[in-house]
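**Q** what follows is a predicted protein model with its sequence.
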Amino acid sequence: MGKYTKQELLKLIKNRLIISCQAAPGEPFYGPDLVARFAVAAANNGACAIRANTTADVKEIQRQVSVPVIALIKKEYQASDCYITPTMDEVDELVRETRADIIAVDATKRPHPNGLLGSDFVGQIKKKYPDLVLMADISTVEEGLLAQEAGADLVSTTLSGYTDYSPRLEGPDFELIEALSKRLSIPLVAEGRIWTREELRKAFDLGAYSAVIGSAVTRPHEITKRFVSAISI
C-alpha cells in the first residue's frame with residue numbers, strides 16, 4: 001500500500017512519538033499547506049510519523065515530509081456516532097488517493113453507518129485489503145482485544161473518553177494503556193489527552209509501543225486556552 005512494509009513501519013514507530021497534525025474548518029491553521037507546516041516542524045524535530053485527517057492534508061504532508069503518515073477521514077453520518085474513517089468509502093478513498101502507510105479507523109463497538117460493529121468493520125477491511133496496515137481506534141479493553149482478533153495491526157486508545165461507556169478523564173487513560181499493553185500481542189499506541197513530558201513517559205513505562213500527541217503540539221488555540229484557564233483572576 002504505502003512505501004514501507006509493515007515490519008519497517010513497526011520498527012520505525014517503536015518507542016517513538018507520532019504527532020497528530022489536524023485542523024478543523026474555521027480554525028486558524030485549517031488547510032493542507034498550513035497543516036503540512038506543522039508536519040514538517042514535527043518531522044524535522046524527531047517525530048517518527050504524522051497522523052492526519054482528509055485526503056488533501058495527507059497528500060500535502062506526504063509531499064513535504066518523508067516519515068510515514070497515518071491517514072484518516074473524519075466524516076459524520078446521521079445514523080452513527082462513528083466519525084473516524086467510518087465506512088469503506090473513506091477507506092477506499094484513502095487507499096486510492098494517498099497510498100497512506102497506515103489507515104486509522106473507528107473500531108469501537110458502536111454501530112457504524114452500515115450497521116457493522118467496529119471489529120466486524122476491521123475484518124471487512126482486512127479481507128478487502130489484506131496488505132493494508134490498519135490502526136484500530138478504540139475506547140475500552142474489550143474493543144482493543146476484538147480489533148486484534150479481527151486482524152488490526154495496531155490498536156490505539158484514541159477514543160477513550162469519546163464513547164458513552166468509556167471514562168471521561170482530564171488526562172490520559174493510563175488504566176486502559178496498561179491493561180491493553182499487557183493483553184495485546186500487537187502494538188498498543190497511547191493516544192488521548194497527553195499534555196506533559198511526564199504523562200508521555202508514564203505511557204511508555206506502562207507498556208505503550210508508541211504514542212500520539214496532537215493538541216499539546218499542533219493546536220495553539222487549545223494550548224492558549226489551557227494556560228489561560230490556569231490563571232486565577
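**A** Yep, that arrived. Computed from a predicted model, the values in this text were never measured in an experiment.

**Q** tell me the pLDDT of Ile233.
**A** Here the pLDDT value assigned to Ile233 is 58.

**Q** quick check: Lys59 vs Val155, distance?
**A** Distance of Lys59 to Val155, given as CB to CB, to the nearest Å: 26 Å. C-beta here means a position set from N, CA and C on the backbone, and glycine is covered the same way.

**Q** er, Val67 actually
**A** For Val67, the distance to Val155 - CB to CB - is 21 Å.

**Q** the more surrounded of Lys59 and Val155?
**A** Between Lys59 and Val155, counted using other CB atoms under 10 Å, the more crowded position is Val155 (27 against 19).

**Q** contacting residues for that one?
**A** Counting by CB atoms under 8 Å, 6 or more residues apart in numbering, Val155 makes contact with 107, 135-136, 138, 144, 147-148, 180, 184, 186-189.

**Q** wait, a strand at it?
**A** Yes - note on Val155: a strand contains this position according to DSSP: H, G, I helix; E, B strand; the rest coil.

**Q** where does the closest residue to it other than its chain neighbours land in three-state SS?
**A** In space, and not counting its chain neighbours, Val155 is closest to Gly144: 4.5 Å by CB to CB, 6 or more residues apart in numbering. Under three-state DSSP, the three-state class of Gly144 is helix.

**Q** can you check the one 4 residues further on too?
**A** The local conformation at Gln148, judged by three-state DSSP, is helix.

**Q** surely it and Pro187 touch.
**A** No - taking CB atoms under 8 Å as the definition, Gln148 is not a contact partner of Pro187, at 10.1 Å.

**Q** when those two are compared, which one has more neighbours?
**A** Gln148 (23 against 19).

**Q** tell me where the chain has helices.
**A** 6-13, 32-43, 55-64, 88-97, 118-128, 141-150, 174-183, 197-205, 215-218, 220-228 (DSSP state H).

**Q** quick one: Leu94 from Asn53, how far?
**A** Taking CB to CB, one finds Leu94 at 10 Å from Asn53.

**Q** then Ala179?
**A** Computed as CB to CB, the Ala179 to Asn53 distance reads 28 Å.

**Q** compare these two (neighbour count), which wins?
**A** Between Ala179 and Asn53, Asn53 has the larger neighbour count (other CB under 10 Å), namely 22 against 18.

**Q** flag every buried residue along stretch 177-187.
**A** Residues 177-181, 184, 186-187 are the ones in stretch 177-187 that count as buried (16 or more other CB atoms under 10 Å).

**Q** err, stretch 198-211, not the other one
**A** 199-200, 202-204, 206-211.

**Q** burial count for the residue lying closest to Thr196 once chain neighbours are set aside?
**A** Excluding the flanking residues, the one nearest Thr196 by CB to CB, 6+ apart is Ala216, at 7.8 Å. By the criterion of other CB under 10 Å, Ala216 has 18 neighbours.

**Q** then Val40?
**A** 15.

**Q** for Ser20, see how far away it is.
**A** Plainly put, Val40 is 15 Å away from Ser20 if you go by CB to CB.

**Q** ditto for Leu200
**A** In terms of CB to CB, Leu200 sits 13 Å off from Ser20.
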